[in-house]
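K.L.:
can you look at this prediction? I've put the sequence above it.
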Amino acid sequence: MIRIIENGCSTHISTLLYDRAINSTEWHFKFPAGAPLEDKHPKLDVIDTDIRNEFLAGVACSMLLNVFDAGGKDYFIPEIFYCGISIKDRHREDNIHTDDASMKVLTILNPDWKEEWGGGFYYDGNIYNIKPGDFCVFDARKPHAAAPIHTDKKRVAIDYWVRPINSQ
């Protein structure tokens, strides 16, 4: 199951996260694990058991609570087990994968991202075009990936691992 929560938070929050993230010096190339460097993408850990970046973690928590209030309360508990920001572009096809997390919440942070640039969300055989401010809430144990990107512009996205509402 996938749910799209439209206008889940203010684009000002997304823009703030985007601006701070792209200027961070804390990016790494650990994912996908075990893949050669050519198949990896930059990732910025915000929360990974512990807070990795206090400012980004505070803004990311605020964003998730906005999404929770905008409709997420029907699907997830806003307790963050992991939060990361990734950069992808058309020069690297994303790997279709599953995660150990039972539920993820994802959005594109680029404030000016256009649908014709691609980079939406592939899930369960379908592509979902999401715009800034829209959030995908989905079962991460099912195959998913970033949809193909058709521009040289970098797509910056944030994802959260959370607990589904029905697993209490």
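P.N.:
Thanks, I have it.
K.L.:
and residue 43, what element?
P.N.:
Assigned by DSSP states H and E, residue 43 falls within strand 41-48.
K.L.:
check which residues of that strand are buried.
P.N.:
41, 42, 43, 44, 45, 46, 47 (16 or more other Cβ atoms under 10 Å). All C-beta spots, glycine's among them, are computed from the backbone N, C-alpha and C.
K.L.:
what bridges to the first one?
P.N.:
Read that as residue 41. For residue 41, the beta-bridge partners under DSSP bridges are residue 31.
K.L.:
surely it is in contact with residue 31?
P.N.:
Yes: with contacts counted by Cβ atoms under 8 Å, residue 41 reaches residue 31, the gap being 6.7 Å.
K.L.:
next, show the common contact partners of those two.
P.N.:
Residues touching both residue 41 and residue 31 by Cβ atoms under 8 Å, 6 or more residues apart in numbering: residue 86.
K.L.:
moving C-terminal of the longest strand along the chain, what's the next helix or strand?
P.N.:
In the chain, assigned by DSSP state E, the strand with the most residues is strand 76-88. Downstream of strand 76-88, the next assigned helix or strand under DSSP H and E is strand 103-108.
K.L.:
starting at the chain centroid, how far to that following strand?
P.N.:
Distance of strand 103-108 from the chain centroid (Cα atoms, centre = their mean, to the nearest Å) equals 4 Å.
K.L.:
likewise stretch 62-82?
P.N.:
For stretch 62-82, the distance to the chain centre is 13 Å (Cα atoms, centre = their mean).
K.L.:
can you list contacts of that stretch?
P.N.:
3, 5, 7-10, 13-14, 17, 45, 47-49, 60-61, 83, 101, 103, 105, 107, 135, 137, 158, 160-165, 168.
K.L.:
buried ones in the longest strand of the chain?
P.N.:
Buried residues in strand 76-88 (16+ other Cβ under 10 Å): 76, 77, 78, 80, 81, 82, 83, 84, 85, 86, 87, 88.
K.L.:
buried sites along the longest helix along the chain?
P.N.:
Across the chain, the longest stretch assigned as helix under DSSP state H is helix 54-69. Applying a neighbour-count criterion of 16+ other Cβ under 10 Å, one finds 56, 57, 59, 60, 61, 63, 64, 66, 67, 68 buried in helix 54-69.
K.L.:
looking at those residues, which is nearest residue 152?
P.N.:
residue 56 (25.3 Å; Cβ to Cβ).
K.L.:
for residue 76, see how far away that closest one is.
P.N.:
Counting by Cβ to Cβ, to the nearest Å, the gap from residue 56 to residue 76 is 20 Å.
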